[in-house]
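**Q** Show me how the following folds:
(one chain, ligands or ions: 2)
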Amino acid sequence: MSGLERVGEGRWHSSSEEATRRFGELLGAHLEEGDVVILEGELGAGKTQLAKGVAKALGAEGEVTSPTFNLLVSHSGGRIPLHHLDLYRLDASSGAEELGEAGAWDVVGEDGASLVEWGAPFAGLLSPERLEIALAREELEGADPRTLEGEPARIISVRGVGSRGEALARALDEEEGAW
Ligand SMILES: Nc1ncnc2c1ncn2[C@@H]1O[C@H](COP(=O)(O)OP(=O)(O)O)[C@@H](O)[C@H]1O
Ligand SMILES: [Mg+2]
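**A** Ligands and ions are numbered 1, 2, ... in the order given. Below is the predicted model:
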């Protein structure tokens, strides 16, 4: 029992950080060089946990953390390189030049797969072909969040953009019942 359940097309329910990492592992198994994955969701939603799962599936070296000073950390040694970006500190109105200063153009769409936390404002700039994953704390109808014990589960929503993005989204949907 992994705590990860597919609850609809492109929609998953994750009841623990391990389950979100497991989702990352499912994704990592499908990633190829040049793939771009945008991760959105508020602070603490689970973007980095998901990235850890991707790194595990690829066999990438080094610990995946929320980079505080670096906007970009590349992990080699796995099936393909993994480029982990966190654009939290970039202004949402930033353009291609600022993305370049963050190192994005050195890696996005090049060798390896790119995972971009806080990438939503820049999604179109980064790549026309991409997988967009949103993580959100589950809101239970009728429940007063102040009375909920512990952490809410997370809802993981997947959207494929462009033919490669759509193919990745389909591949994940076909994972139903695979674990
Ligand atoms: N279902 C879940 N999925 C992911 N993280 C969870 C879940 N439930 C609780 N957590 C906790 O939420 C936090 C997520 O942190 P992190 O992945 O760094 O978020 P982000 O990168 O989105 O800011 C961790 O402390 C983790 O233990
Ligand atoms: Mg993070």
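**Q** mind checking which helix or strand the spatially most central residue of the chain is in?
**A** Nearest to the geometric centre of the chain sits L39, at 4.0 Å (Cα atoms, centre = their mean). Secondary structure assignment for L39, by DSSP states H and E: strand 36-40.
**Q** Can you name the next helix or strand after that strand?
**A** helix 47-58.
**Q** From the contact counts, what lies against that next one?
**A** Under the contact definition 3 or more Cβ pairs under 8 Å, 6 or more residues apart in numbering; DSSP states H and E, helix 47-58 sits against helix 17-28, strand 36-40, strand 82-86, strand 113-117, strand 130-137. Every residue, glycine included, has its C-beta placed from N, CA and C.
**Q** closest to ligand 2 out of these?
**A** Of all the helices and strands packed on helix 47-58, it is strand 113-117 that lies closest to ligand 2, at 4.9 Å by Cβ to the ion.
**Q** Show me what the closest one is in contact with.
**A** By Cβ atoms under 8 Å, 6 or more residues apart in numbering, the surrounding residues in contact with strand 113-117 are 31-39, 47-48, 50-51, 54, 58, 66, 80-88, 104, 107-108, 122, 126.
**Q** partners of it, with directions?
**A** Here strand 113-117 has these sheet partners by DSSP bridges: strand 36-40 (parallel), strand 82-86 (parallel).
**Q** before we move on, back to that, distance to E166 and mean pLDDT added to the helices and strands packed on helix 47-58, as CSV?
**A** Formatted as CSV, the helices and strands packed on helix 47-58 follow (distance: least, Cβ to Cβ, whole Å; pLDDT from 0 to 100):
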stretch, distance to E166, mean pLDDT
helix 17-28, 15, 97
strand 36-40, 13, 97
strand 82-86, 22, 96
strand 113-117, 16, 97
strand 130-137, 9, 98
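**Q** And the ones you listed: which comes nearest ligand 1?
**A** When these are compared by Cβ to the nearest ligand atom, helix 17-28 sits nearest ligand 1, at 3.4 Å.
**Q** residues near L26, how many?
**A** When neighbours are counted by other Cβ atoms under 10 Å, L26 registers 19.
**Q** mind giving me CSV with the helices and strands packed on helix 47-58 and columns for distance to ligand 2?
**A** Below are those laid out as CSV (distance: least, Cβ to the ion, whole Å):
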stretch, distance to ligand 2
helix 17-28, 12
strand 36-40, 8
strand 82-86, 6
strand 113-117, 5
strand 130-137, 10
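**Q** With distance to I155 added, can I get those in TSV?
**A** Putting the helices and strands packed on helix 47-58 into TSV (distance: least, Cβ to Cβ, whole Å) gives the following:
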stretch	distance to I155
helix 17-28	11
strand 36-40	12
strand 82-86	22
strand 113-117	17
strand 130-137	5
